[in-house]
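**Q** Return atomic coordinates for the entry below.
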Amino acid sequence: MAETLAEPLPGSTRGTAVVIGAGPGLGLSVARRFGDEGYAVALVSRSDRRHPDYLASLASVGIVAEAYVADVTDRGSVAAVLDRIRERFGAIDVLYYGPAIFDPAKMPTSIEHADADSARTAMESVYPALDVVAGVLPAMLERGSGGLLFAGGLSAVRPMPMMGALALSSAALRTYVTTLNEALVDSGVYAGIVTIGGLIEGGDIHAAVRAHRGDQVPTLDPAGIAETVWQLFAKRDKVEAVVVGL
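**A** Numbering: from 1, shown residues only. Now for the predicted structure:
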């Protein structure tokens, strides 16, 4: 069941923002940034283990939030959660999609060793994004308003052989979002992507890398990236922002 921390007051929010792939780093920062703007927030992640901490953090700054469990690779699970969010809040106004697709414990083989099987496996990370969009976009188009925001990888725009077949899936997601935004011109619905190159502080990947390499790895501030996500949505003057660490 969803964990409810606070009941929204009538007229107290600007709408509902859903964060798919909520984690302790960027996901939570995006939730807080939209919450600061008056949105109620629905967090979705694979496990509820850290949901109480997330909700307490948001409640401490007056943000109305709930948390749900769903695995993006399970179509039925995600569809059911989106239905529950709509039942609770009435509509989904903004969707941020940022599940982690990179496991630092399982480094991909470099691109010269990639084959069709590794490419198929990498592309599996892209398909859930389309399913999620299909679950929320029709209602946004009917209302004539909404936002679809995504986090992508730097290998989509910069050659990074060490990312192997993941570079293909990163490029595919970027192309999907930029093409989707073009299709939505004049619809009132915006699609945009933040392409990220660097280790984001506070997240699970950050913790794993620090465990192996200590504190000498350059990092990115998740609050700063969340601000970039917000500015993309608020200004709608470009489809992509690239954020790169040192």
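
**Q** only C-alpha atoms for contact and neighbour calcs from this point on.
**A** Noted.

**Q** Kindly provide the distance from the residue most central in space within the chain to Tyr39.
**A** Nearest to the geometric centre of the chain sits Gly98, at 2.3 Å (C-alpha atoms, centre = their mean). For Gly98, the distance to Tyr39 (C-alpha to C-alpha, to the nearest Å) stands at 18 Å.

**Q** ok so, going back, isn't the residue nearest to the centre of the chain up against Gly23?
**A** No: with contacts counted by C-alpha atoms under 8 Å, Gly98 stays clear of Gly23, the gap being 9.2 Å.

**Q** before we move on, back to that, show me the contacts for the residue nearest to the centre of the chain.
**A** Val19, Ile20, Gly21, Ala22, Gly27, Phe150, Ala151, Gly152 (C-alpha atoms under 8 Å, 6 or more residues apart in numbering).

**Q** cutoff 6 Å now
**A** By C-alpha atoms under 6 Å, 6 or more residues apart in numbering, the contact list for Gly98 reads Ile20, Gly21, Phe150, Ala151.

**Q** what does Ile196 give?
**A** Applying C-alpha under 6 Å, 6+ apart, the residues near Ile196 are Gly153, Leu154, Val242, Val243, Val244.

**Q** Sketch out the low-pLDDT regions of the protein for me.
**A** Residue ranges of the chain with pLDDT under 70: 1-13, 101-107, 202-218, 246.

**Q** which stretches of it form helices?
**A** 26-36, 51-59, 75-89, 116-123, 127-143, 166-183, 204-213, 222-235 (DSSP state H).

**Q** Now mean neighbour count too, for those, in JSON lines please.
**A** What follows is the helices of the chain, written out as JSON lines (neighbours: other C-alpha atoms under 10 Å):
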{"stretch": "helix 26-36", "mean neighbour count": "24"}
{"stretch": "helix 51-59", "mean neighbour count": "18"}
{"stretch": "helix 75-89", "mean neighbour count": "16"}
{"stretch": "helix 116-123", "mean neighbour count": "15"}
{"stretch": "helix 127-143", "mean neighbour count": "16"}
{"stretch": "helix 166-183", "mean neighbour count": "20"}
{"stretch": "helix 204-213", "mean neighbour count": "14"}
{"stretch": "helix 222-235", "mean neighbour count": "18"}
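
**Q** Tell me how far the nearest residue to Pro222 once chain neighbours are set aside lies from Pro99.
**A** Spatial nearest neighbour of Pro222, excluding adjacent residues (C-alpha to C-alpha, 6 or more residues apart in numbering): Leu26 at 4.8 Å. Computed with C-alpha to C-alpha, the distance linking Leu26 and Pro99 is 10 Å.
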